[in-house]
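Colleague: sequence plus the predicted model coming up.
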Amino acid sequence: MTFLADSHAHLIDKAYRKDSSQVIQRALDIGVKLIINLGYDIKTSSKAVDMAQDYPFMYTSVGVHPHEAARVPEDYLQNVKELAQNKKNVAIGEIGLDYYRDISPRKKQKQVFREQLLLAQKMGLPAIIHDREAHKDVLKIVREEQGGKNSGVFHCFSGDWEMAQECIELGFYISIAGPVTFKNSDSLRDVAKRTPLHRLLVETDCPYLTPVPYRGKRNEPAHVKYTVETIASLRGMKWEELAQVTFTNTKNCFRLD
């Protein structure tokens, strides 16, 4: 069986409250043998860590999403650090900036982003970056703090090829999600075609960003296959070959045996 990896999932989301075990089993049945499961804040990061204990193929990344930046308690960074010390945790994230919804003030977003980026550096962990309509400021902070020193991922990449090149030069992987299957995704498809294979990851970002043919419905890790198939077609590869490459890349990025 061809192995698949979902490098970014949110199986702690309330969307899976009633059927998370069935969702995970469907992923296994289709060949997903590695899942990086993330929280959004301290509470959900803790839940992600707990969930990973039950599944040998599941790992976590802990951190505070930019939407939650305005609500962090004073000791949040110590809480993130403690969670990150769990043996199933492999990264700090997702962290970054979101100027699309602007739920938290931008100044606070930047502060919390920098603090967690520095924590990732101190702990020797990769950082998983959230960047939505904030390319310039995200790259500025990443450059200033050497955010790619321990590797990392620009998840659900939404920039152009020029930006992708800079992210790769800074030490990051480029992760492609379900929107690459959408008809109006020319820029993302260009990035998916041109990113060096050894720096390419795939993800679902479930329960969001469901790929065609299930667009509009709840996403889940099993659907990562449609993203892999689309990228493989764009690159003139067999999907099984791309699945194996991205599976290996996910292990390499997060230093998994």
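Modeller: Received it, and whenever you're ready, just let me know what you need.
Colleague: and the next element down the chain from the lengthiest strand in the chain?
Modeller: Counting residues, the longest strand found in the chain (DSSP state E) is strand 89-98. Sequence-wise, the next helix or strand downstream of strand 89-98 (DSSP states H and E) is helix 106-123.
Colleague: ok and that following helix relative to strand 89-98, angle-wise?
Modeller: When axes from the mean of the first three to the mean of the last three Cα atoms, to 10 degrees is applied, the directions of helix 106-123 and strand 89-98 differ by 160 degrees.
Colleague: only C-alpha atoms, please: export the longest strand of the chain in PDB.
Modeller: In PDB, the C-alpha atoms belonging to strand 89-98 read as follows (Å, rounded to 0.1, in the frame of the first residue of the first chain):
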ATOM      1  CA  ASN A  89       5.100  16.800  20.100                       C
ATOM      2  CA  VAL A  90       7.200  17.600  17.000                       C
ATOM      3  CA  ALA A  91       6.800  21.400  16.400                       C
ATOM      4  CA  ILE A  92       5.600  24.800  17.600                       C
ATOM      5  CA  GLY A  93       2.500  25.900  15.700                       C
ATOM      6  CA  GLU A  94       0.500  26.900  14.100                       C
ATOM      7  CA  ILE A  95       1.800  30.400  14.800                       C
ATOM      8  CA  GLY A  96       1.900  33.500  12.600                       C
ATOM      9  CA  LEU A  97      -0.300  36.400  11.400                       C
ATOM     10  CA  ASP A  98      -3.800  36.600  10.000                       C
END
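Colleague: count the neighbours of residue 229 for me.
Modeller: 17 (other Cβ atoms under 10 Å). All C-beta atoms are positioned from the backbone trio N, CA, C, and that covers glycine.
Colleague: contacting residues around the helix or strand where it lies?
Modeller: Element membership for residue 229, per DSSP H and E: helix 224-235. Taking contacts as Cβ atoms under 8 Å, 6 or more residues apart in numbering, the residues outside helix 224-235 that touch it are 4-6, 30-32, 176-178, 180-181, 189, 192-193, 200, 202-204, 211-214, 238-239, 241-243, 246.
Colleague: are any of the residues you listed buried, and if so which?
Modeller: For these, a burial check counting by 16 or more other Cβ atoms under 10 Å picks out 4-6, 31-32, 176-178, 180-181, 189, 192, 200, 202-204, 211-212, 239, 242-243, 246.
Colleague: give the buried residues for the helix holding residue 229.
Modeller: Under 16+ other Cβ under 10 Å, the buried positions of helix 224-235 are 224, 225, 226, 227, 228, 229, 230, 231, 232, 234, 235.
Colleague: and stretch 146-155, by the same measure?
Modeller: 147, 148, 150, 151, 152, 153, 154, 155.
Colleague: end to end on it, go ahead and measure it.
Modeller: Criterion Cα to Cα, to the nearest Å; first-to-last residue distance in stretch 146-155 is 17 Å.
Colleague: residues making contact with that stretch?
Modeller: Contacts of stretch 146-155 (Cβ under 8 Å, 6+ apart): 7-8, 91, 93-94, 117, 120-121, 124-131, 141-142, 164, 167, 170-175, 177, 201, 203, 205, 253.
Colleague: next one: stretch 206-214
Modeller: 6, 9-11, 13, 15-16, 156, 177-182, 204, 216-221, 223, 226-227, 230.
Colleague: distance across it, terminal residue to terminal residue?
Modeller: 12 Å.
Colleague: avg pLDDT for it?
Modeller: Per-residue pLDDT over stretch 206-214 has a mean of 98.
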